[in-house]
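> My questions are about this predicted structure, shown below with the sequence.
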Amino acid sequence: MIRIAVAGATGYTGIELVRLLMGHPQVELTCVTSQQYSGQLLADVFPQVGQRVDLVCDPLDVDVIARKADFVFTALPHQAAMDIVADLVGAGKRVVDLSADFRLRDADLYAQWYQAHSQKDLLPKAVYGLPEIYREKIVPAMLVANPGCYPTSAILALSPLLSHPAVALDSIVVDSKSGTSGAGRGAKTGSLFCEVNEGFKAYSVASHRHTPEIEQSLAAMAGQTVKITFTPHLLPISRGILSTCYATLTSEWTAAELVALFREYYRGEPFVRVYDAGSLPNVGYVRGSNFCDIGVAVDQRTGRVIVVSAIDNLVKGAAGQAVQNMNLMLGFPEEAALTALPLFP
């Protein structure tokens, strides 16, 4: 059994990691940390874990984590993670970091969208943790930067088109909608029930921090700079991301031909499901699962392709993808602890 720690176990992503890891046959959860609930039983904070988890929340202490665990998930806010991750890697621990701190390869770009980076030397060593694209690099990595939820939905939706290539690079628009859990578990006025219920709004228009992360991966795919228009929206639901991506085709394609392109690109991928032409995904069809569902349509009148992707932001968009990365890093079956079908209704 591999001993596992979850640093930041009492956020939405952290407790989702706990839920998934408790169903993994080859690991043992031996350490959970929480600054807010330090010294309390995790089961007292989250009664749903019941008697399955008898761990007390430790403070965020690298020495404690390193002593108790062989492999670490850091589910911490950006900037709070970078020094902790560096210390853990320095202690010889393999880490999947779920913050944004190691996703961008350029420290100056990170500073532009977040804050100054204190661990610049570690950035080139971090592998971007999107298994469908970077599987071979993930396997031997000491540090994997787990992708953001919006980028996961957008990159998986667009990569087959850019790898072909089939679209004009200056025409890409990503229109995404997320459930409120994407904002985290901290108390925020904008996430209160009365603020969100029966409402629907765009936010961080032309300024969302996931923009450079999406562009970085698409540029790597295209072999040149890619700039997109990305607009996120807040849905009055708990879980789920639906991304609708638009781009201008560079030649004539039918929807059936693009579906065939997508299916060939994702052939053998256990967690990407490409729909038949004429069918489109729904966040309700992936809820609680590690699937990314993709549907493709063509607007023959305008010459544009429309790709719709759906994920659960807490699973394929965070904790599930992190476990998928761990499985690759440790040589476990990639689908271990991730085979549950979506919850519906």
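Received it, and whenever you're ready, just let me know what you need. Numbers count the residues shown, from 1 in each chain.

> Residue 226 contacts residue 172, correct?
Yes: Residue 226 lies in contact with residue 172 (CB atoms under 8 Å); the separation is 7.0 Å. The C-beta positions use only the backbone N, C-alpha and C, and glycine is treated the same way.

> Return every residue with contacts to both of those two.
Common neighbours of residue 226 and residue 172 (criterion: CB atoms under 8 Å, 6 or more residues apart in numbering): residue 218.

> When the two are compared, which one has more neighbours?
Shown here are residue 226 and residue 172; by other CB atoms under 10 Å, residue 172 has more neighbours (23 against 19).

> What ranges does the stretch 151-300 of the chain have for its strands?
173-178, 201-202, 229-234, 241-248, 272-274, 292-299 (DSSP state E, counting those that start in this stretch).

> and these as CSV, adding distance to residue 345, mean neighbour count and mean pLDDT?
Listed next are these as CSV, based on distance: least, CB to CB, whole Å; neighbours: other CB atoms under 10 Å; pLDDT from 0 to 100:
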stretch, distance to residue 345, mean neighbour count, mean pLDDT
strand 173-178, 19, 22, 98
strand 201-202, 25, 12, 95
strand 229-234, 22, 19, 98
strand 241-248, 17, 23, 98
strand 272-274, 19, 21, 98
strand 292-299, 16, 23, 98
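
> Just the CA atoms of stretch 181-193, as PDB, please.
Extracted in PDB, the C-alpha atoms of stretch 181-193 (Å, rounded to 0.1, in the frame of the first residue of the first chain):
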ATOM      1  CA  SER A 181     -18.300  24.600  -6.400                       C
ATOM      2  CA  GLY A 182     -15.800  25.900  -8.800                       C
ATOM      3  CA  ALA A 183     -15.500  29.000  -6.600                       C
ATOM      4  CA  GLY A 184     -14.300  27.000  -3.600                       C
ATOM      5  CA  ARG A 185     -15.700  26.300  -0.200                       C
ATOM      6  CA  GLY A 186     -14.800  29.700   1.400                       C
ATOM      7  CA  ALA A 187     -17.600  32.000   2.300                       C
ATOM      8  CA  LYS A 188     -18.100  34.500  -0.400                       C
ATOM      9  CA  THR A 189     -21.100  36.800  -1.000                       C
ATOM     10  CA  GLY A 190     -21.200  35.900  -4.700                       C
ATOM     11  CA  SER A 191     -21.500  32.200  -3.900                       C
ATOM     12  CA  LEU A 192     -24.400  32.500  -1.400                       C
ATOM     13  CA  PHE A 193     -27.600  30.600  -2.400                       C
END
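
> Name the residues of it that come out as buried.
181-182, 191 (16 or more other CB atoms under 10 Å).

> Check those against residue 257 and report the nearest one.
Nearest to residue 257 among the buried residues of stretch 181-193 is residue 182, at 33.6 Å by CB to CB.

> Skipping adjacent residues, who's closest to the closest one in space?
residue 313 (4.9 Å; CB to CB, 6 or more residues apart in numbering).

> Hmm, residue 180 and that neighbour touching each other?
No: with contact defined as CB under 8 Å, residue 313 and residue 180 do not form a contacting pair (9.8 Å).

> neighbour-wise, which of those two wins?
It is residue 313, of residue 313 and residue 180, that has more neighbours when counted by other CB under 10 Å, with 28 against 22.
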